[in-house]
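Participant: 3D, please:
(chains A, B, C and D)
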Protein chains: 2
Amino acid sequence: MQAGYKQFCPVAMASEVLCTRWTIVLLRELVAGSNRFNDLRRGVPRMSPALLSRRLKELEAAGVLERRGNGKAHAEYHLTKAGQDLRGVVEAIGVWGQRWVEADLSLDNLDASLLMWDMRRSLNVDPLPDRRSVIEFHYEDQPTSRRSWWLIVEADGHVDLCSVDPGFEVDLFATTDLRTMTSIWMGLSKVKAERQSKTLHLEGDTGLAKHMQTWLGLSPFAVEKKKV
Amino acid sequence: MQAGYKQFCPVAMASEVLCTRWTIVLLRELVAGSNRFNDLRRGVPRMSPALLSRRLKELEAAGVLERRGNGKAHAEYHLTKAGQDLRGVVEAIGVWGQRWVEADLSLDNLDASLLMWDMRRSLNVDPLPDRRSVIEFHYEDQPTSRRSWWLIVEADGHVDLCSVDPGFEVDLFATTDLRTMTSIWMGLSKVKAERQSKTLHLEGDTGLAKHMQTWLGLSPFAVEKKKV
DNA sequence: CGGGATCCGTAAAGATACTG
DNA sequence: CAGTATCTTTACGGATCCCG
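Facilitator: Okay, the predicted model is just below:
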């Protein structure tokens, strides 16, 4: 780790721990509930595994998280109390970003895999029927390998994400482009408006289609309004 | 700046702006009210002027601050609305630091110049008499050049800081070591206790001495309790 | 397959000196 | 006062490889 700021101020001391590259984004994943190395990687796909490994060690040394499991196998990373208390910091940064970062700048960084991984996490399963529901997303602007995605909501509320056809009967097809879906998920536009402007097309179960804005949980920051 | 995180998430977008080295500490200075290049330098003395200059340009490009003054001379940096809204982020980080960073770790980073500069800023002038008050601090453990400091509170409430004897009559002498004074200012110990344990010695105006804990404004984070 | 470590090229930051 | 210029050191990115 670099030499530090040499300031007794708590802002500086905390920044030594928090304000290194990737650290806050990684903490967002931990706060959101990911615990395994490869789950964390899915949330920070552009971070090298070497740096991820190093950051995890640094955060453990700083008392932010705890590594469970003695061997290499099945290690889990869990936030300590100090780590859980970082939720406020991550939220403050996210709220500021949602308020002040130009939407167009955010929407220049589209990533289907990341969007689906996030959507899986915050799906609101309550309004869904008491049986398995399968929703297929089709992003027509994406290369083949990232074009089709399946969200599978089991009867017990567990949500799975697939990028290869799981073979189940699909209850709802959503055909759109990645920018539109990301925009909806970030709270920048609405399902209804995108359907009307034909940028989002839904086919299948009409009940599921009608309540998409409800069961599709949005980004935790979607409620925050843009400022100028 | 390097390529960025390539994530649409507002936490990641904001982190690209905020979580680079020195940036949060610099923003603390701006939020605290410094506007001039060399005033900012006093708050971040270990940051090279080259990096300070670069960060100021980056923050201007990000819409966080605005540079006023067309030529080089007398330039001022002022937070925009987006920048002022970062106060919440800086506070969240500082509160976390005060709660969770070991006090001993903070107190390994003593800096007399920085402490006095901060104390000058948050002095509570209301309980002071309606004439000029001069308080001399003497840190016996410091090298000669950083040993003696004068805080001069003018009748109108304006506070000046000197590291060379300004020649005024001194109303109160405080003799202590830097760690003790820093600890008091961070809210980790009290004037009364340090006087009783003889680590802080006050001489001069007894009224001024008696109310030191009151007129000595503490760090903005001093009210936050340490956690375990 | 999960959980890393290693190596090397590039990019950022530190130190110090200097200038319009 | 408000910055540049230059050189060295450190951190990061990306690919590859390893091991239980």
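Participant: Just the CA atoms from the helix or strand in which A:Val134 is found would do, formatted as CSV, please.
Facilitator: For A:Val134, the element it lies in under DSSP states H and E is strand A:133-139. What follows is strand A:133-139, C-alpha atoms only, in CSV (Å, rounded to 0.1, in the frame of the first residue of the first chain):
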residue,chain,number,x,y,z
SER,A,133,-41.6,-17.6,-13.7
VAL,A,134,-39.1,-17.4,-16.6
ILE,A,135,-38.4,-14.1,-18.3
GLU,A,136,-36.2,-13.9,-21.3
PHE,A,137,-34.4,-10.6,-22.2
HIS,A,138,-33.2,-10.1,-25.8
TYR,A,139,-30.8,-7.3,-26.5
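Participant: Now do the buried residues in that strand.
Facilitator: A:133-137, A:139 (16 or more other C-beta atoms under 10 Å in any protein chain shown). Heads up, the C-betas are built off the backbone N, CA and C, glycines and all.
Participant: could these be laid out in TSV, adding distance to DNA strand C and pLDDT?
Facilitator: Shown next, in TSV, are these (distance: C-beta to the nearest atom of the strand, whole Å; pLDDT from 0 to 100):
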residue	distance to DNA strand C	pLDDT
A:Ser133	25	95
A:Val134	22	96
A:Ile135	23	97
A:Glu136	23	97
A:Phe137	22	97
A:Tyr139	24	97
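Participant: A:Val164: which of those is nearest?
Facilitator: A:Glu136 (11.7 Å; C-beta to C-beta).
Participant: leaving aside the residues next to it on the chain, what's closest to the closest one?
Facilitator: A:Val170 (4.7 Å; C-beta to C-beta, 6 or more residues apart in numbering or on different chains).
Participant: And that neighbour, what's its pLDDT?
Facilitator: Looking at A:Val170, its pLDDT is 96.
Participant: what's A:Cys162 sitting at in phi/psi?
Facilitator: Reported as degrees, to the nearest 10, the phi and psi values for A:Cys162 are phi -130, psi 150.
Participant: what secondary structure does the closest residue in space to it that isn't next to it in sequence sit in?
Facilitator: Leaving out its chain neighbours, the residue that sits closest to A:Cys162 by C-beta to C-beta, 6+ apart is A:Trp150, at 4.4 Å. What DSSP: H, G, I helix; E, B strand; the rest coil gives for A:Trp150 is strand.
Participant: Give me the pLDDT for A:Trp150.
Facilitator: 96.
Participant: what does A:Met1 give?
Facilitator: 52.
Participant: And for A:Ala75?
Facilitator: Value for A:Ala75, per-residue pLDDT: 88.
Participant: Can you give me the neighbour number for it?
Facilitator: Using other C-beta atoms under 10 Å in any protein chain shown, A:Ala75 is surrounded by 14 other residues.
Participant: Mind jotting down where the strands sit in chain A?
Facilitator: A:65-68, A:76-79, A:133-139, A:148-153, A:159-162, A:172-176, A:200-204 (DSSP state E).
Participant: Dump those into a markdown table; add distance to B:Val25 as well.
Facilitator: Formatted as a markdown table, the strands of chain A follow (distance: least, C-beta to C-beta, whole Å):
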| stretch | distance to B:Val25 |
| --- | --- |
| strand A:65-68 | 24 |
| strand A:76-79 | 25 |
| strand A:133-139 | 41 |
| strand A:148-153 | 42 |
| strand A:159-162 | 39 |
| strand A:172-176 | 43 |
| strand A:200-204 | 44 |
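Participant: quick one on the thing from earlier: the residue nearest to A:Glu136 - how many residues pack around it?
Facilitator: When neighbours are counted by other C-beta under 10 Å, A:Val170 comes out with 16.
Participant: who's in contact with it?
Facilitator: A:134-136, A:150, A:204 (C-beta atoms under 8 Å, 6 or more residues apart in numbering or on different chains).
Participant: Now the two most distant members of those.
Facilitator: Taking C-beta to C-beta, no two of the contacts of A:Val170 sit farther apart than A:Trp150 and A:Gly204, at 12.8 Å.
Participant: of the two, who's got more company?
Facilitator: Legend: neighbour count by other C-beta under 10 Å for A:Trp150 and A:Gly204, higher for A:Trp150 (19 against 16).
Participant: looking at the sheet around the more buried one, what are its partners?
Facilitator: The bridge-partner assignment for A:Trp150, based on DSSP bridges, gives A:Glu136, A:Cys162.
Participant: quick revisit: which residues touch the residue nearest to A:Cys162?
Facilitator: Here A:Trp150 is in contact with A:134-137, A:161-163, A:165-166, A:168, A:170 (C-beta under 8 Å, 6+ apart).
Participant: Using a markdown table, lay out the residues you listed together with distance to A:Trp215.
Facilitator: Below are the contacts of A:Trp150 laid out as a markdown table (distance: C-beta to C-beta, whole Å):
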| residue | distance to A:Trp215 |
| --- | --- |
| A:Val134 | 13 |
| A:Ile135 | 9 |
| A:Glu136 | 15 |
| A:Phe137 | 14 |
| A:Leu161 | 15 |
| A:Cys162 | 18 |
| A:Ser163 | 21 |
| A:Asp165 | 22 |
| A:Pro166 | 19 |
| A:Phe168 | 17 |
| A:Val170 | 15 |
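Participant: Out of those, flag the one nearest to B:Asp111.
Facilitator: For those, the nearest to B:Asp111 is A:Leu161 (50.2 Å; C-beta to C-beta).
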